[in-house]
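1. After the sequence you'll find the predicted model.
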Amino acid sequence: DAGITQSPRHKVTETGTPVTLRCHQTENHRYMYWYRQDPGHGLRLIHYSYGVKDTDKGEVSDGYSVSRSKTEDFLLTLESATSSQTSVYFCAILAPSGAGGEQYFGPGTRLTVT
Amino acid sequence: GQQVMQIPQYQHVQEGEDFTTYCNSSTTLSNIQWYKQRPGGHPVFLIQLVKSGEVKKQKRLTFQFGEAKKNSSLHITATQTTDVGTYFCAGSYNQGGKLIFGQGTELSVKP
């Protein structure tokens, strides 16, 4: 599945603790994305990256930060987790093609903040 | 801001019936993509439509892109239990490959 892995796959954490989710790709793609998925909201973009050290905000970036120090790794950090950040988090990469490109998704991380 | 609305949110059909989900954007899209997510899985790319009025078929699935490039539909003929899942449209406005996803249509198929 396009060589994308996410870790951890499941995590339970307490309110106020920092959490870092990792996305790793083996395909050397330039663009990477972090989404969260909640019932009734589809997939919402948190942050994305268009190269090493190049990142930008998505539509729901408050409370999240990202870093990309290597092409293959894109980290999502919740500085101080809140219950509203309980969600399923998906990482994706962009495989360019034609006029746009297809996004390939990782398996997801289910995060529960208690 | 840019929004992609998708309806219906849920659709329950008897096996063999047809199914359609619709997407509408508030502004003109660069292209639109469709993804399928099986229960417990991750979204999987199905197709990308780029041209105004474009129609593409994949076996029993027919995808259309409106003339104004603001709406799209996915039609499944004679549904099967393997079609179960949530179908998402995702609009691109040509901003770094960013996609705006619709809310998804969850399809259930009764055998």
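-> Structure received.
2. what bits of chain A have low per-residue confidence?
-> By pLDDT under 70, the weakly predicted segments of chain A are A:1-2, A:98-100.
3. Get me the contact residues on it for chain B.
-> A:1, A:31, A:33, A:35, A:40-45, A:48, A:50, A:56, A:58-59, A:90, A:94, A:96-108 (C-beta under 8 Å from any C-beta of the partner chain). For glycine as for every other residue, the C-beta is placed from the backbone atoms N, C-alpha and C.
4. try 6 Å this time
-> Residues of chain A lying close to chain B (C-beta under 6 Å from any C-beta of the partner chain) are A:Y31, A:G42, A:L43, A:Y50, A:L94, A:A99, A:G100, A:G101, A:E102, A:F105, A:P107, A:G108.
5. Just the buried ones out of those residues, please.
-> Using 16 or more other C-beta atoms under 10 Å in any protein chain shown as the burial test, the residues of chain A next to chain B include A:Y31, A:G42, A:L43, A:L94, A:G100, A:G101, A:E102, A:F105, A:G108 as buried.
6. which phi and psi does B:D83 have?
-> phi -80, psi -10 (degrees, to the nearest 10).
7. Tell me how many other residues crowd it.
-> Close neighbours of B:D83, defined as other C-beta atoms under 10 Å in any protein chain shown, add up to 19.
8. Can you name the residues that contact it?
-> By C-beta atoms under 6 Å, 6 or more residues apart in numbering or on different chains, B:D83 lies in contact with B:I76, B:V109.
9. Distance check, it against A:V12.
-> 33 Å (C-beta to C-beta, to the nearest Å).
10. Work out for me the element B:C23 sits within.
-> Per DSSP states H and E: B:C23 is located in strand B:19-25.
11. May I have the strands that pair with that strand, each with its orientation?
-> Strand B:19-25 pairs in its sheet with strand B:4-7 (antiparallel), strand B:71-76 (antiparallel), by DSSP bridges.
12. Return the shortest one as PDB; C-alpha atoms alone will do.
-> In this case it means strand B:4-7. C-alpha atoms of strand B:4-7 as PDB (Å, rounded to 0.1, in the frame of the first residue of the first chain):
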ATOM      1  CA  VAL B   4     -17.400  20.300  -0.700                       C
ATOM      2  CA  MET B   5     -20.900  19.000   0.300                       C
ATOM      3  CA  GLN B   6     -21.800  15.400  -0.200                       C
ATOM      4  CA  ILE B   7     -25.200  13.700   0.000                       C
END
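13. related to what we said a few turns ago, with respect to A:L76, which of the buried ones among the residues of chain A next to chain B is nearest?
-> A:L76 has its nearest neighbour among these in A:G108, at 12.3 Å by C-beta to C-beta.
14. Contact partners for the residue nearest the centre of chain A?
-> By C-alpha atoms, centre = their mean, the mean C-alpha position of chain A lies nearest to A:W34, the distance being 2.6 Å. Residues in contact with A:W34 (C-beta under 6 Å, 6+ apart) are A:I46, A:H47, A:L76, A:C91.
15. tell me the contacts of the third one?
-> For A:L76, the set of contacting residues under the criterion of C-beta under 6 Å, 6+ apart consists of A:L21, A:W34, A:V66.
16. can you rerun that using 7 Å?
-> A:L21, A:W34, A:I46, A:Y64, A:V66, A:Y89 (C-beta atoms under 7 Å, 6 or more residues apart in numbering or on different chains).
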